[in-house]
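S.K.: here is my input; please provide its structure:
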Amino acid sequence: MTPMEILTAAATGNPAPRIPVFCNMSDHGARELGMPAKQYFSRGEYVADGQLRLLRRYGYDNIWSLHYVGKEAELLGCREILFADDGVPNVADFVIKNLDDIAKLDIPTDITQHPAWQSVADCLKILCCEVGTTHPICAYVTASTTLPAILMGMDKWMELFLLGPFDVRDELLRKCSDFCRQEIAALRALGANVLIYSTPFGSPYFVSRKQIEQKVMPWMRRDLLPGGNEDIVYYCGMAGFNDVIDLVFDELHIKTHYISPLADLAEAKRLIGNRGLTCGVIDDIKMIHWSTEQTRAEVQRIIEIGKTGGHFLFGNGVMPMAVPEANIRTMVDAAFEYGRLP
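M.R.: Next comes the predicted model:
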């Protein structure tokens, strides 16, 4: 079976030789090509080449088209990204510096015509041509309730979200939701078939369950309304969200849940059951200092919790550049070994 067929079997509960094994190494492509991060992310051809080489090196099941999260801010007017060769590129110029800037924020009529979109389009075209018939192609989308954090900074966004003025907050959320809908449609049109919907504000770790139900959920429904949710993965960064899994099923109809390594995986698997796909995630921050034996033992623990009864996938969060190569290799190899199915 191809990796795409194995993923489909896991999602539907059909027989397969093993569970799917996903790995997120979006920042490692530059090192793989031996070039600075700024150069690597400047062209979609470089990102595609780096991710294809990593796929061939480790043999996991998915491939990423993600450049960096700040790319979304660039599409909305950010003029400077801070690149580091040992970390994640980040926004160095906030688009919204004061509340008056929210009224001036323009959402492009067609983001695919923006110069910053070209490298994303080029990357996805290559990935679809090379592995599109065999492998899941992952793309990343920031939810409307989280996107303001990279446009104005988390502290200012939290203040506006919780304290208002609420008409200004809702104007910003409407604009961010319009952008989110455009981005999802554009990524699907280019062949991305696994969309990681990043929504930390959909986790009770950030805001209360009541605020999620009343303030966050309506915007998530709006983000995801066009096109259905079959290819959407509910992801709250590394924040736990077991307490809202049932709510996400009922209100958003999202079936794939990327569980925080800090959450109770057994509880999450019980809550999701056969309704969808539980993704068991290793804590790759801890992998920086773990031995290969510790890494292997943790992979075994996660998979033994999750694979009974099927409907399970193994993955990592955002692999830090500081994780030793031996631990990455051990993680992938152990996931294939312990993930075999009878």
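S.K.: show me the strands in the stretch 101-250 of the chain, by range?
M.R.: Listed in chain order, the strands of the stretch 101-250 of the chain (DSSP state E, counting those that start in this stretch) span residues 137-142, 194-198, 232-235.
S.K.: what's the closest of those to Thr8?
M.R.: Distances from Thr8 to each of those were compared using C-beta to C-beta; the shortest belongs to strand 194-198, at 11.1 Å. All C-beta spots, glycine's among them, are computed from the backbone N, C-alpha and C.
S.K.: the nearest residue to Phe22 once chain neighbours are set aside: which element?
M.R.: Spatially, and ignoring its direct neighbours in sequence, Phe22 is nearest to Gly315 (3.7 Å; C-beta to C-beta, 6 or more residues apart in numbering). Element membership of Gly315, judged by DSSP states H and E, is strand 312-316.
S.K.: residues of that strand that come out buried?
M.R.: Taking 16 or more other C-beta atoms under 10 Å as the neighbour-count basis, strand 312-316 is seen to contain the buried residues 312-316.
S.K.: would you turn these into JSON lines with distance to Arg275?
M.R.: What follows is the buried residues of strand 312-316, written out as JSON lines (distance: C-beta to C-beta, whole Å):
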{"residue": "Phe312", "distance to Arg275": "13"}
{"residue": "Leu313", "distance to Arg275": "15"}
{"residue": "Phe314", "distance to Arg275": "19"}
{"residue": "Gly315", "distance to Arg275": "19"}
{"residue": "Asn316", "distance to Arg275": "24"}
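S.K.: out of those residues, the closest to Lys215 would be?
M.R.: Compare each of the buried residues of strand 312-316 with Lys215 using C-beta to C-beta and the shortest gap goes to Gly315, at 29.0 Å.
S.K.: run through the bridge partners of that closest one.
M.R.: Legend: beta-bridge partners of Gly315 under DSSP bridges are Val281.
S.K.: so it touches Thr278, yeah?
M.R.: No - under the contact definition of C-beta atoms under 8 Å, Gly315 does not touch Thr278, with a separation of 10.7 Å.
S.K.: what's the closest of the buried residues of strand 312-316 to Arg79?
M.R.: Asn316 (32.2 Å).
S.K.: please, where are all the helices along the stretch 151-300 of the chain?
M.R.: Along the stretch 151-300 of the chain, the stretches classed as helices by DSSP state H, counting those that start in this stretch are 154-163, 166-189, 209-211, 217-224, 245-252, 265-272, 292-306.
S.K.: looking at those, which is closest to Thr134?
M.R.: Shortest separation from Thr134 across the helices of the stretch 151-300 of the chain is recorded for helix 166-189, at 18.6 Å, computed as C-beta to C-beta.
S.K.: give the buried residues for the closest one.
M.R.: Taking 16+ other C-beta under 10 Å as the neighbour-count basis, helix 166-189 is seen to contain the buried residues 169, 172-173, 175-177, 179-184, 186-188.
S.K.: and for stretch 250-270?
M.R.: For stretch 250-270, a neighbour-count test (16+ other C-beta under 10 Å) marks 252, 254-261, 263, 265, 268-269 as buried.
S.K.: could you tell me the end-to-end distance of it?
M.R.: The stretch stretch 250-270 measures 16 Å between its terminal residues, going by C-alpha to C-alpha, to the nearest Å.
S.K.: from what I can see Pro15 touches Ala9, true?
M.R.: Yes - contact between Pro15 and Ala9 holds when scored by C-beta under 8 Å: they sit 6.5 Å apart.
S.K.: between these two, who's got more neighbours?
M.R.: Legend: neighbour count by other C-beta atoms under 10 Å for Pro15 and Ala9, higher for Ala9 (20 against 9).
S.K.: secondary structure element holding the closest residue to that one other than its chain neighbours?
M.R.: Excluding its sequence neighbours, the residue lying closest to Ala9 (C-beta to C-beta, 6+ apart) is Ala16, at 3.8 Å. For Ala16, there is no helix or strand it lies in under DSSP H and E.
S.K.: give me every residue that touches Ala16.
M.R.: 1, 5-6, 9-10, 341 (C-beta atoms under 8 Å, 6 or more residues apart in numbering).
S.K.: TSV for those, including secondary structure, pLDDT and distance to Asp333?
M.R.: Supplementary listing: these in TSV, determined by DSSP: H, G, I helix; E, B strand; the rest coil; pLDDT from 0 to 100; distance: C-beta to C-beta, whole Å:
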residue	secondary structure	pLDDT	distance to Asp333
Met1	coil	97	19
Glu5	helix	98	21
Ile6	helix	98	17
Ala9	helix	98	21
Ala10	helix	98	19
Leu341	coil	96	17
